[in-house]
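> please work out how this folds:
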Amino acid sequence: MRIVVHGQQAFGKAVLEALLKRGENVIAVYVAPEKPGQKADPLKEAALAANLPVYQPASYKDPKAWEEFKALKPDLQVMAFVTLFVPEDFLNIPTHGSIQYHPSLLPAYRGASAINWPIIKGEKETGLSIFWPDNGLDTGDILVQKKTPISGTDTLGSVYFDRLFPMGVEAMLEAVDLVKAGKAPRIKQDHEQATYEGKCGPENAKIDWGKPWEQIDRLIRGCNPAPGAWTLFDGKKLQVFDAQPLPARDPKGIGGKLGEIVAVDSDGFTVVCADGRFKITRVKPADGGKVGAGEFAKAANLAIGTRLS
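Predicted coordinates:
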């Protein structure tokens, strides 16, 4: 099969390299265009290193992009982390159409923050889908799905980099094999079961110390490393990346006001929430990089009785 890889960043690069390693006939690569001053995308660099032609249309409504794609005579388009909208008619140009990776168990958690939300909402498992994209947002028929549990200590980073990333590369290869063998299924999504939470950005990541510890814990883990859960210290944003929940056995006996710092140690500081406390161990102040919370506390002269808001 004449395969076109379409994607970006580390995941796109990993899918391209996996296909090339096993001898697939990759004929071209499509990458999102860089913004002015931005470094070349890792997928673009990998494609150029493999002497593959690279295309970077700013829009897939441009007739020139269609003509270029048709001229390649592709059999399959493998979409690994695509953020630009690609019309369904373009997707259907290859002989066997296009397949796309999405890091959730569709139809659940459609959209751009499909890894954050299952953690934030307390799901016990998540997964990935390889599907046949159409004009909808992650609405196309399913080809392959894989599941993975979410533990009580998992973060966005651990779920993605440790599991959904490598599992996704393997699932892409499996999907390509099914297409080549003429055995690729098209399983309709149950749209009545669909969920969509929208992008998880800074506006979703603010810590409310009046919430129960479980909600705060899931928010911190689901936003680590991005967008980063945050609170206000001295009127400035302080991002919290690592924190150990300390649930109170007796909610009336925890002491301290909500958001109050009740202990400062060499390895962090402790904050009061609705039904317990949190030992904060890694933070990022507004004017610096990530540091141990103990180091930050010392530099900022953090005092017991200070309140975060």
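> quick one, strands of the stretch 51-200 of the chain?
With DSSP state E, counting those that start in this stretch, the ranges of strands along the stretch 51-200 of the chain come out as 54-55, 76-80, 98-102, 125-131, 142-149.
> closest to V179 out of those strands?
Evaluated with CB to CB, the strands of the stretch 51-200 of the chain place strand 76-80 nearest to V179, the distance being 5.8 Å. Glycine gets a C-beta too; all of them are placed from N, C-alpha and C.
> and the closest one with strand 98-102, angle?
Per axes from the mean of the first three to the mean of the last three CA atoms, to 10 degrees, the angle that strand 76-80 makes with strand 98-102 is 10 degrees.
> paired strands for strand 76-80, with orientation please.
When sheet partners are counted by DSSP bridges, strand 76-80 sits next to strand 2-7 (parallel), strand 98-102 (parallel).
> now the strands of the stretch 51-200 of the chain as JSON lines including mean pLDDT?
Formatted as JSON lines, the entries for these read as follows, by pLDDT from 0 to 100:
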{"stretch": "strand 54-55", "mean pLDDT": "98"}
{"stretch": "strand 76-80", "mean pLDDT": "98"}
{"stretch": "strand 98-102", "mean pLDDT": "98"}
{"stretch": "strand 125-131", "mean pLDDT": "98"}
{"stretch": "strand 142-149", "mean pLDDT": "98"}
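> verify the stated contact: D138 with G111.
Yes - taking contact to mean CB atoms under 8 Å, the distance of 6.8 Å between D138 and G111 places them in contact.
> give me the more crowded residue out of the two.
The residue with more neighbours, out of D138 and G111 and counting by other CB atoms under 10 Å, is D138; that gives 22 against 16.
> residues in contact with the more buried one?
Shown in contact with D138 (CB atoms under 8 Å, 6 or more residues apart in numbering): 102, 106-107, 110-111, 114, 131.
> quick one: the helices in the protein?
Listed from the start of the chain, the chain has helices (DSSP state H) covering 9-21, 42-49, 63-71, 88-91, 116-120, 156-157, 165-180, 213-222, 293-299.
> dump the contacts of D138 to a markdown table, plus distance to T195.
As requested, these are exported to a markdown table (distance: CB to CB, whole Å):
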| residue | distance to T195 |
| --- | --- |
| H102 | 13 |
| L106 | 10 |
| P107 | 7 |
| R110 | 7 |
| G111 | 9 |
| A114 | 10 |
| F131 | 16 |
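> and the two most separated of those residues?
Across the contacts of D138, the two members that end up farthest from each other (CB to CB) are G111 and F131, 13.7 Å apart.
> quick one: Q193 and L106 touch, right?
No - counting by CB under 8 Å, no contact exists between Q193 and L106, whose distance comes to 9.5 Å.
> the more surrounded of the two?
Between Q193 and L106, counting by other CB under 10 Å, L106 is the more crowded of the two (26 against 9).
> my guess is the more buried one contacts Q189. True?
Yes - using CB under 8 Å, L106 makes contact with Q189 at a distance of 5.8 Å.
> which residue, other than its chain neighbours, is closest to W117?
When the adjacent residues along the chain are set aside, W117 lies closest to E197, with 4.5 Å between them (CB to CB, 6 or more residues apart in numbering).
> and the one you found, what does it touch?
109, 111, 113, 117.
> for it, phi and psi?
Here the main-chain torsion angles of E197 (degrees, to the nearest 10) amount to phi -110, psi -10.
> ok, it to K147 distance?
Using CB to CB, to the nearest Å, E197 is found at 19 Å from K147.
> could you do E123 as well?
Separation of E123 from K147 (CB to CB): 11 Å.
> compare those two and say which is more crowded by neighbours.
E123 (17 against 11).
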